[in-house]
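Asks: attaching a predicted model along with its sequence, questions to come.
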Amino acid sequence: MKKIILNILFAVIVAALSNPSFLIAQQNNEISELTAQIVNDKINIVWNIVNQEKINLIHVEIKRPGNNNWELLKRFKVKKVTSNDNQQKAVNYSYQTKVKENGVYYFRIVILDESNLEINTKEIKVGVTNLSNTKLYQNNPNPFNPSTTIPYEVLSPGFISLKVYNLAGKEVAILVDEFKQPGKYSVRFDVNDYVDISSGIYLYKLQTPTSSDIKKMIFTK
């Protein structure tokens, strides 16, 4: 038994001495310099792969806020490096994705071999706090008489209010005041449903606990 083990070790040493790349091929395929940058509503992921010889595919995966499951975002075919030291050269990759809600995101880089078996993985956590949870659009028609429709969009679940004010800042109507799931909505504002509304410019405000948006509309008689 000892003789067999010694023969195997001897064969490995001979292979390494006769072919230096033999040792390099045995090294772990490394994911290095994994970084994430937030630009407005997008997250840019950048990373390097070292020792690509045995790699076939790279997966970019995401775990979204409130979800414990990994989701595949992108599948990369490995770039072929033609230099003599292609096994050691670091190759740069990047991927950009758009996010719709605030919260903590996890990104994972997974590298797979020629049999699509996982070789290595690395992940990074990104906190997003600057996104608006809603979008408010211009009412239509505008100017209007006696009614108009105000469209808006909810990007993440939460409590919202949509109110109408005159130019003095006085609240004249509450159109929405409830919890909403993500989706596109619209609400009708009819001046006949309210009292003491004269022609002029009015402001309508969409508000959440973390953001608000205001637009103006014109009521004419």
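Replies: Ah, there it is. Note that the structure is a prediction, hence the values are computed from the model and not measured. Numbers count the residues shown, from 1 in each chain.
Asks: do you know the pLDDT at residue 182?
Replies: You'll see residue 182 listed with a pLDDT of 88.
Asks: what distance do you get for the residue lying closest to it once chain neighbours are set aside to residue 193?
Replies: Counting by CB to CB, 6 or more residues apart in numbering, residue 154 is the residue found nearest to residue 182 once chain neighbours are left out, at 5.3 Å. All C-beta spots, glycine's among them, are computed from the backbone N, C-alpha and C. From residue 154 across to residue 193, the span is 23 Å (CB to CB, to the nearest Å).
Asks: what about the two, which has more around it?
Replies: residue 154 (20 against 12; other CB atoms under 10 Å).
Asks: care to break the protein down by domain?
Replies: 30-128, 134-219 (automatic domain parsing).
Asks: what ranges do the strands span in the protein?
Replies: Secondary structure of the chain (DSSP state E): strands at 30-39, 42-50, 55-63, 71-77, 91-98, 103-113, 118-128, 134-136, 147-154, 158-166, 171-180, 183-190, 200-207, 212-219.
Asks: any weak-confidence spans in the chain?
Replies: 1-29, 80-88 (pLDDT under 70).
Asks: which ones are touching the residue nearest to residue 182?
Replies: Residue 154 makes contact with 133, 134, 160, 180, 181, 182, 183, 185, according to CB atoms under 8 Å, 6 or more residues apart in numbering.
Asks: what sits against the closest residue to the fifth one other than its chain neighbours?
Replies: Leaving aside its chain neighbours, residue 181 sits nearest to residue 157 (5.2 Å; criterion: CB to CB, 6+ apart). Taking CB under 8 Å, 6+ apart, we find residue 157 in contact with 179, 180, 181, 182.
Asks: run a quick neighbour tally on the second one.
Replies: Applying other CB under 10 Å, we find 19 other residues in the vicinity of residue 180.
Asks: from memory it sits against residue 158, does it?
Replies: Yes - assessed by CB atoms under 8 Å, residue 180 is found in contact with residue 158 at 7.0 Å.
Asks: was I right to think residue 54 contacts residue 120?
Replies: No - with contacts counted by CB under 8 Å, residue 54 stays clear of residue 120, the gap being 10.6 Å.
Asks: and the contacts of stretch 130-138?
Replies: Residues contacting stretch 130-138 (CB under 8 Å, 6+ apart): 38, 41, 99-102, 150-156, 158, 160, 204, 206, 208, 210-211, 213-215, 217.
Asks: any idea how far residue 126 is from residue 111?
Replies: 20 Å.
Asks: now residue 60
Replies: Relative to residue 126, residue 60 is positioned 13 Å away (CB to CB).
Asks: and for the residue nearest to residue 56 when sequence neighbours are not counted, the neighbour number?
Replies: Computed as CB to CB, 6+ apart, the closest residue to residue 56 that is not its neighbour in sequence is residue 114, at 4.7 Å. The local packing of residue 114 (other CB under 10 Å) involves 11 other residues.
Asks: also residue 35?
Replies: 12.
Asks: do the same with residue 96
Replies: Residues near residue 96, counting by other CB under 10 Å, number 13.
Asks: contacting residues for it?
Replies: By CB under 8 Å, 6+ apart, the residues touching residue 96 are 42, 43, 44, 45.
Asks: repeat for residue 111
Replies: 29, 31, 49, 55, 57, 58, 59, 118, 119, 120, 121.
Asks: beta partners for it?
Replies: Following DSSP bridges, residue 111 is listed with bridge partners residue 58, residue 120.
Asks: can you tell me how far it is from residue 188?
Replies: Distance, residue 111 to residue 188, by CB to CB: 54 Å.
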